[in-house]
Structures are given as C-alpha cells and as structure tokens.
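Visitor: 3D model of this:
(2 chains)
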2 protein chains.
Amino acid sequence: MTSTPPPPTSADVARLAGVSRATVSFVLNDTAGGRVGEQTRQRVRAAADQLGYVPHAAARSLRAGRTGLVLLVGSSAPIGPLFSGFYRELQQALQRHGYTSVLYGPSRGGGEEPARGWAELRPAAVLCLESILTPAGVGILHRAGTRAVLTLGTRPVPGAHALVMDQHEVGAAAGAHLLARGRRRIGVVVPGDRDLDQFSGPRTAGVRSAVASSGLDARVELLPLGYTEESGVQAAARCRELGLDAVFAYNDEYAMLLMRSLQDAGVDIPRQVAVVGADDLLLGALLRPRLSTVHMSLPKGEELASLVEQLVADPSSVPVTGNLLTVRLVERESS
Amino acid sequence: MTSTPPPPTSADVARLAGVSRATVSFVLNDTAGGRVGEQTRQRVRAAADQLGYVPHAAARSLRAGRTGLVLLVGSSAPIGPLFSGFYRELQQALQRHGYTSVLYGPSRGGGEEPARGWAELRPAAVLCLESILTPAGVGILHRAGTRAVLTLGTRPVPGAHALVMDQHEVGAAAGAHLLARGRRRIGVVVPGDRDLDQFSGPRTAGVRSAVASSGLDARVELLPLGYTEESGVQAAARCRELGLDAVFAYNDEYAMLLMRSLQDAGVDIPRQVAVVGADDLLLGALLRPRLSTVHMSLPKGEELASLVEQLVADPSSVPVTGNLLTVRLVERESS
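Guide: As a prediction, the model looks like this:
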C-alpha cells in the first residue's frame, strides 16, 4: 500500500474561496436558505470543484443525527420484470424526494443479524421482505434511529409498517377462473427453485381456497417442476398420470415450459389440459395457443416514495398496512 | 413529529457490561484480535443486545478514514437474468470478503454530478457503467478516498480500472455464423428502448465488422423493433420489403417476438429467413424451430470480489483492463 495525498477538506475550500467553513458547509449541504449570496455560492462551488472537495455524507449524518438513506433490502430470489421495474422506479422517485436509496444485497445469518447490519448504516427508512425481519429486528432499527421500517410480504411484522403483496390472490384468481371453465382436477406447479417458495406457497394456498370456497367437487394436486426441459417432460407425464384437466403453472415462464412439454407429448391445450400462468409477459401472448395469465400491478414508485417521506416525518405513527398488489385474470386461448 | 428516546450509546453498553468503551468497540467492531477474552466478549454482546445497541458505520468509517462500502451503481436499462444473477452473486461474494455492498440507483444529472453523489458516501470501491463516468469523476472519487474505481462497459475510462464487456463480440459471433450459413442480406434488430442503445450499438457494429472482415458481398440493414406485437408485425413486413435472408435480433426476447410475427406472416424459418438471438434463455430452446442464440458468460462473483479486494489494498496500482464477457454461438434450428 502506498500513501495517497490526503483528501481536501472544507477548510481548504474555505481558504481558497476566502469564506468561513460554516459558509462552505451551508452552500455545499444546501442548507444556506437565504443566508448566502449567489456570488459567494458560486465562489464556494468553484473552489470545491477546483480542489475536488465533496461533503462527507457520514459526517453530515453524524451532525444531523440521521441520514437521508433509504435501504431497500434485496432478496436472494430471482426477481422478474415486475419487481425490477418497481424497484428502479422507486429508487428514482426516492431520489426526487431527496433521499439516497440503495439496494442492499441479501444478508447472511438469521434472527436479528440482518437488521443489525442495516442499523449500522443508520438509515432513515428500511424496506425489506417480511420473511427476513423479526419483531426484535424492528426494535433494533428503531433504537438505532430508523424512522420508518416497512416490510414487503404477505403478513405484517409487529411494529413495522406493512406493504402487503398478497400472493394468495394470484392463485385464487387462477383457481376461480379454472373452476369457472369447468375444470375439476387442477395441478399447481411448485417451482424447483426453493427461493421461490415464499411466493409459490401462498399462490398454491390461493388455488386451494378458491376450490374450498366454491363448494365444488374439485381437487388440487402439486406438480413439481424444475426450470429445465427434462423436468418439463417429467411434469407433463405426471399431468397425465394424475388425470389433470388444468394447471396453474406458478408464472408465465414455467407455463411456457410446461406447455411445450405437454404439446410435445401430444396433449391438446386447452381441450385436454388448460394452462394459466402469471406475470402477463409479452412472450406468453406470442404462444399458440396464447397463454392465459394473471396480470399483477404494483403502485407507482412516486406513490410509495411519498408514503416513505410521510412515515419518516412522523415516526410515531401507528403501523400502517396497505395492499400493494392488484391482480386481474387475462383470459386468452390456453384456458 | 414526536420525540423518540435517544438511541443507546457504546457508553451505555460499557456501563452495563462493566468494561471500558474501548473494549466495547473492540468486541462489536470485531477488531479485538486476541485482546479480549471470550467471557468478556459474551458479556459485551449480551449487554448490547439487551440495550439494542449497534455500532454506527458512519462513525466507524470516520475514525478509520474510509468505509468498507462498495457501491455498485445500477443502470436505468432493464437488465436480464445474466446481469441480475451476476450482481447478486457479486454482492454475496463481497459480503464474504467483509464488505458492505449496495446497489446505488441510476443517478440524475450528467458530467461529474453522479460521481459527486457517490463520493459523499466515501466508498472504498465503486463499480459503475463506463457510460456514466467521466475522467474528472474518477478524480473526484480518488480525492474523496475511494481506493478502487472500476467501470463496466466497452471502453476503459482514463484513471479507472476497466472491466470490459465487449458487446461487439456478441454481434460479431452472430454475424460470422449467419455468413457461414450462406446468408448475405442480414437484418439487425435495433430495440425501441433507448436505454438499450449502449448494448445494441456495439452489437450492430460487431455484425458489420464480421461482414467487412469476411470480404463477402453481403449487406447489413437496420430493423427497428419495439417490444410490442404491433411493432413485430411491422418489422416482419419490413424484413420482406428489404429481402432479408437473416436477422440478428438483439436478444432472445426480441427474437421470439420477431419469429412469431414472421411465422404468422407465413415466412419459413430458417429456410427463408434465419433468426439468431442472444442470452441463451431456456424459452428460446422451447420454440419451434428452436432458436439459435449467442450464449454469454460472466466471471464468478468470487473472482471479481477478490479483484476488488486486491485493488482496494493497492490503490496506486496501474489501471487494469480485463475482459469479462465470453461469448459462444449456440446453433439450433432457426439458423
């Protein structure tokens, strides 16, 4: 390791611009209000640029007692275009609201370990999956000064605000549709990727509850499916063994895989087996027969950024619970 | 806004555990070495848990002069499974190396604005797209103490380490393959999404250079294609007007869209028009005819995390340039 010259400080900027350190701080942290004239502002900015000085967010947050940081905690599950678009939009909206938002990778360790790691960054707000946050973790974050803890998931976590994405509804919509189409032996795809259990579990439960609430004499069978052509062939064979007349295939990609295998095995879709996916990918509409699907939508990033701002402003507010996900069945030719 | 009780401090932990503040710091920041016995460690941890105290990363980084933070700067372009998997793996590997890595959303503003925003967080390392970093931005980061600045892209940025993903090679592989299959009127899909220009530009140039270096009498035509069924129909009509006998379709998703439109228009694939995608998605292999594609691979996250660690340890090292992307043509039935 060799030494590099020490980074320039606000004192260096103050000297070059011929102003006080306080003035440098006012200008560069945008806290000047009307106290500093435009000419002085420009002189300070020019000096900072010349020296290459930028304020230190950590120092500023220590002075202010908190940061403008919003942690979005990622998941180890592969996320589709719906969620990656949602996160991208949310990050842009938070930036417009003056927050620095960062996507924090999936954490190691269980219990309160992840929350401890987030708390070290003293975020103003944390948005994470419900499945990785404990009530004690909420307490750790609050005590470390985090003003709003929000979870994404199917259930609220005590003490935190809950943005509920009711995956259950996705399965319920598919199940109700298949029952209405006269299907009575419904397979539900269980993806091979265990990281998807958090989504597929509630979706499967949704299909079951649609059957239960219908009062119809129908049955639900689980259909394991890995995301490979070989597994598709096995699942197609299993469909026939079980005598299924319909499958809710978890999402469109698994549906496309299963449809190919069923068609290669000579099964007529939808006459013999109806297939429904979820996500409403364009690729599903390109299949023949065109794939029926459950369309999901999430609120605009701007809406959620405003909510975060409001919750940060009033950390004592009673935990709010809001439903994020709205679902709608798109009926095409495959069901 | 209402007041919340002040967060517990290390002094509170020291008092409860009956040790000095220095001992608390040693234990909770894992810098104790052999200096603190196991019993004392446990007492400190228990006291911290009881009070809900976590160290403040910002304070620690101010003391240490730098953070263990690695900023991965995101892009506004939608990213496919290859890159989202790569980022996920890289974040996990960096965590194993003791770094906190966060994905920083796309920045507003041009020139040096984005680099200034990153510098405020005093990251130890920054990995960003080449297209949003200027040489002056590299200087700002270095002066703010960032020890390793790495870019992802097609060209190095002066002063920064360059991880080159040569998208040019993707187009060159597709072009060479189509020429070898006897095709001489090659369309290249230009996706409607302008955020993809950074990838599609070099891919198109790669097709052109494959044609130029072949010495064959072949021509290349641009084929605009938005990601909608209507645009697919128009592109298929344009294919016929131009008398194309092959298309490199940017990626597999655009290829699937174009293939559907060509087939609906009665075009025989590959006899009349050969189609090649890129990404090697499973869904392409499920089409009939099965889609030929350019397979891309990136290094393991662990490899890259080790490189980051090495560059952070020696910030004076000469900028390194490494090629990340390896490509391989997967010939199936569509070409």
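
Visitor: A:Pro8 in helix, strand or coil?
Guide: For A:Pro8, the assignment made with DSSP: H, G, I helix; E, B strand; the rest coil gives coil.

Visitor: separation between it and A:Pro55?
Guide: A:Pro8 sits 11 Å away from A:Pro55, going by C-beta to C-beta, to the nearest Å. For every residue, glycine as well, the C-beta is placed using N, CA and C.

Visitor: cool, A:Val312 as well?
Guide: Taking C-beta to C-beta as the measure, A:Val312 falls 21 Å from A:Pro55.

Visitor: likewise A:Gly153?
Guide: Shown here: A:Gly153 relative to A:Pro55, a distance of 36 Å by C-beta to C-beta.

Visitor: and A:Ser200, by the same measure?
Guide: Distance from A:Ser200 to A:Pro55, counting by C-beta to C-beta: 46 Å.

Visitor: same thing with A:Pro315?
Guide: Separation of A:Pro315 from A:Pro55 (C-beta to C-beta): 25 Å.

Visitor: beyond the helix or strand of chain A with the lowest mean pLDDT, next helix or strand please.
Guide: The helix or strand of chain A with the lowest confidence, counting by mean pLDDT, DSSP states H and E, is helix A:57-64 at a mean of 62. Downstream of helix A:57-64, the first helix or strand assigned by DSSP states H and E is strand A:69-73.

Visitor: which secondary structure elements does that next one sit against?
Guide: helix A:81-96, strand A:100-104, helix A:113-119, strand A:125-129 (3 or more C-beta pairs under 8 Å, 6 or more residues apart in numbering or on different chains; DSSP states H and E).

Visitor: out of these, nearest to B:Leu141?
Guide: strand A:100-104 (15.9 Å; C-beta to C-beta).

Visitor: ok, and what's touching the closest one?
Guide: For strand A:100-104, contacts defined as C-beta atoms under 8 Å, 6 or more residues apart in numbering or on different chains pick out A:57, A:67-74, A:87, A:90-91, A:94-95, A:118, B:71, B:74, B:100, B:102-105, B:117, B:121.

Visitor: so who does the residue nearest the centre of chain A touch?
Guide: Centroid-nearest residue in chain A: A:Phe83, 5.2 Å away (criterion: C-alpha atoms, centre = their mean). Contact partners of A:Phe83, counting by C-beta under 8 Å, 6+ apart, are A:Leu298.

Visitor: what does stretch A:201-221 rub up against?
Guide: Outside stretch A:201-221, the residues that touch it by C-beta under 8 Å, 6+ apart are A:154, A:166-176, A:179, A:183-188, A:190, A:222, A:242, A:244, A:248, A:250, A:278.

Visitor: in helices, which of these appear?
Guide: Per DSSP state H, helices hold the following members of those: A:Gln167, A:His168, A:Glu169, A:Val170, A:Gly171, A:Ala172, A:Ala173, A:Ala174, A:Gly175, A:Ala176, A:Leu179.

Visitor: report the buried members of these.
Guide: A:Gln167, A:His168, A:Glu169, A:Val170, A:Gly171, A:Ala172, A:Ala173, A:Ala174, A:Gly175, A:Ala176, A:Leu179 (16 or more other C-beta atoms under 10 Å in any protein chain shown).

Visitor: next one: stretch A:230-240 to chain centre, how far?
Guide: 31 Å (C-alpha atoms, centre = their mean, to the nearest Å).

Visitor: can you mark which positions in that stretch are buried?
Guide: Going by neighbour count (16+ other C-beta under 10 Å), the buried part of stretch A:230-240 is A:Ser231, A:Gly232, A:Val233, A:Ala235, A:Ala236, A:Arg238, A:Cys239.

Visitor: what's the closest of these to B:Gln263?
Guide: A:Gly232 (21.8 Å).

Visitor: what helices or strands is the helix or strand in which that closest one is found leaning on?
Guide: A:Gly232 belongs to helix A:229-241 when assigned by DSSP H and E. Helices and strands touching helix A:229-241, by 3+ C-beta pairs under 8 Å, 6+ apart, are strand A:219-225, helix A:252-264.

Visitor: can you list contacts of that helix?
Guide: Among residues not part of helix A:229-241, those counted as contacts by C-beta under 8 Å, 6+ apart are A:187, A:189, A:192, A:223-225, A:247, A:257-258, A:260-262, A:264-265, A:267, A:273, B:282, B:285-286.

Visitor: can you give me the angle that helix makes with helix A:252-264?
Guide: If you take axes from the mean of the first three to the mean of the last three C-alpha atoms, to 10 degrees, helix A:229-241 sits at 70 degrees to helix A:252-264.
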